[in-house]
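Participant: Starting from these lines, generate the structure:
(one chain, ligands or ions: 2)
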Amino acid sequence: MELTDEILKLKAERNAVILAHNYQRPEVIDIADYVGDSLGLSRQASASKAKVIVFCGVDFMAETASIINPEKTVLLPAEWALCPMAMMLSLPELLNVQKEYPDAETVLYINTHADVKAHADCICTSANADKIVNSMKADTIIFGPDRNLAYYVRKRTKKKIVVVPERGLCPTHHMIQPDDVEKARRAHPQAELVVHPEVIPELQDIADHIASTEGMIMYCKSSPKNEFILGTESGIIHRMKKEMPEKKFYPASDMAVCNTMKMITLHHVRDSLRDMKHKVAVPKETADKARKTIERMLSVK
Ligand code: 13P
Ligand code: SF4
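Facilitator: Ligands and ions are numbered 1, 2, ... in the order given. Coordinates of the predicted model:
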C-alpha cells in the first residue's frame, strides 16, 4: 500500500486529525487536515473532535495542543523536534526577572516550554503579540523569549517591555541578514518584502509588511503585487506557490531553513499513527497552570 494511503487508513481507524505548521516538509503539508501558524493550530487543536491529534510541528506546539486537550492523545511524530528558541528561556531566569519587577505582568511567546508557560499571565503568538500585550492591565510587561518579536511589540505599545532573556532569538530567522535582502531586492526590484516578526529589527524596519506565517500568506493573497521576497523560513513557499500559482515567491535567504521543523517525514507520521508514538505528556499540575495562560490568549478576539 502507498505510504499516503496507509496514513489515511490509520488516521480513520484511530479517529485522528493531522495538524501541520507552515514550515513542515511539502509532503507532510499535503497530507495534513489543517495547515497554519501557531495561533491557527492552537485554535484547531482546541476545536477538534478527533480522539488523536498528530502534531507535525515542534515540541512546544505539540505540548500546547496536549495542554488544551487533556482528554486527547497528542502525538509528535519526531519527538526530537525541539525548537532552539524555546530552550532559551528557563524557569529560574523567568522567576528572577519576575522578582525584579513585582508589579509587572508576564506575556510569553508560545515558543516556550510548559513549565515556563505555567508562570506566565498570558501566552501570545506572532499573530497576536501586540494585541495581547495591549490587553494586559500592567504598565510593565515581562516578555520573552524572542527579542525580535519584542522589538515588533514595542513599536505597537506604550507599555514598558522587559525582555527575558535579552539574548533570545530564532536561529533560523537570524540567518536572514540585510546583505541577503539587498541581493534579493536587486534581483527582483518589483517584489514586495514581507517578513516575519522573528527577523532582526533592521529588516522589520524596511519591510512592506510584517506578519505571522499565516498573515504573510493572507497578505500575499490580498496584495495587487505579483512578486514577493519572503523573510521567513523558506518552507512557507510550498503553500504560497500551491495557493497562488500565478504569483512569484523568493526566499530572502536560502539559509533560512529550520532543521527542527523538517525532522518529521511521512514515515514518521505513519509510524506514529501505527504505534501510537510519541505521546506528549505534560505533568498535570504544570498543564493545569499553563492551560489558563493559553486559554486566556485564545479568549482574546
Ligand atoms: P507562526 O507560524 O505562528 O508565525 O510562527 C513561526 C515560528 O517560528 C514557529 O516556530
Ligand atoms: Fe523554533 Fe525558529 Fe524553528 Fe520556529 S523557525 S521552530 S522559532 S527555531
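
Participant: I'd like to know which residues of the stretch 151-300 of the chain are adjacent to ligand 2.
Facilitator: Residues of the stretch 151-300 of the chain that fall close to ligand 2, judged by C-beta under 6 Å from any ligand atom: 170-172, 233, 258, 260-261. (C-beta placed from N, C-alpha, C; glycine too.)

Participant: can we see that at 8 Å?
Facilitator: With C-beta under 8 Å from any ligand atom as the criterion, the stretch 151-300 of the chain comes near ligand 2 at residues 170-173, 198, 233, 258-261.

Participant: Can I get those in JSON lines including distance to residue 299?
Facilitator: Rendered in JSON lines, the data for those read as follows (distance: C-beta to C-beta, whole Å):
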{"residue": "170", "distance to residue 299": "27"}
{"residue": "171", "distance to residue 299": "32"}
{"residue": "172", "distance to residue 299": "30"}
{"residue": "173", "distance to residue 299": "28"}
{"residue": "198", "distance to residue 299": "25"}
{"residue": "233", "distance to residue 299": "29"}
{"residue": "258", "distance to residue 299": "29"}
{"residue": "259", "distance to residue 299": "34"}
{"residue": "260", "distance to residue 299": "30"}
{"residue": "261", "distance to residue 299": "28"}
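
Participant: Just the closest of the residues you listed to residue 29, please.
Facilitator: The shortest gap between residue 29 and any of these belongs to residue 261, at 10.9 Å (C-beta to C-beta).

Participant: Would you agree the closest one is in contact with residue 58?
Facilitator: Yes. With contacts defined as C-beta atoms under 8 Å, residue 261 counts as touching residue 58 at a distance of 6.3 Å.

Participant: Check the contact lists of these two and give me the overlap.
Facilitator: With contacts taken as C-beta atoms under 8 Å, 6 or more residues apart in numbering, the residues that reach both residue 261 and residue 58 are 21, 81.

Participant: so how far is residue 52 from the residue nearest to residue 50 when sequence neighbours are not counted?
Facilitator: In space, and not counting its chain neighbours, residue 50 is closest to residue 17: 3.9 Å by C-beta to C-beta, 6 or more residues apart in numbering. Distance of residue 17 to residue 52, computed by C-beta to C-beta, to the nearest Å: 7 Å.

Participant: can you check residue 187 too?
Facilitator: In this structure, residue 187 lies at 45 Å from residue 52, with C-beta to C-beta as the measure.

Participant: Check residue 215 too.
Facilitator: Going from residue 215 to residue 52 by C-beta to C-beta gives 29 Å.

Participant: So the two - more neighbours on which side?
Facilitator: Neighbour tally, residue 215 and residue 52, criterion other C-beta atoms under 10 Å: the higher count belongs to residue 52, 21 against 18.

Participant: ok, the more buried one - contacts?
Facilitator: With C-beta under 8 Å, 6+ apart as the criterion, the residues that contact residue 52 are 14-17, 72-75, 273, 276.

Participant: Dump these into JSON lines; add distance to residue 123 as well.
Facilitator: Formatted as JSON lines, the entries for the contacts of residue 52 read as follows, by distance: C-beta to C-beta, whole Å:
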{"residue": "14", "distance to residue 123": "28"}
{"residue": "15", "distance to residue 123": "28"}
{"residue": "16", "distance to residue 123": "25"}
{"residue": "17", "distance to residue 123": "22"}
{"residue": "72", "distance to residue 123": "19"}
{"residue": "73", "distance to residue 123": "22"}
{"residue": "74", "distance to residue 123": "17"}
{"residue": "75", "distance to residue 123": "22"}
{"residue": "273", "distance to residue 123": "28"}
{"residue": "276", "distance to residue 123": "28"}
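
Participant: and which of the residues you listed is nearest ligand 2?
Facilitator: Here the nearest of the contacts of residue 52 to ligand 2, counting by C-beta to the nearest ligand atom, is residue 74; it sits at 17.1 Å.

Participant: tell me the phi and psi of that closest one?
Facilitator: Here the main-chain torsion angles of residue 74 (degrees, to the nearest 10) amount to phi -110, psi 130.

Participant: Against residue 59, how distant is it?
Facilitator: When C-beta to C-beta is applied, the distance between residue 74 and residue 59 equals 11 Å.

Participant: In terms of neighbours, single out the busier of those two.
Facilitator: Looking at residue 74 and residue 59 with other C-beta under 10 Å, you find the greater number of neighbours at residue 74, namely 25 against 22.
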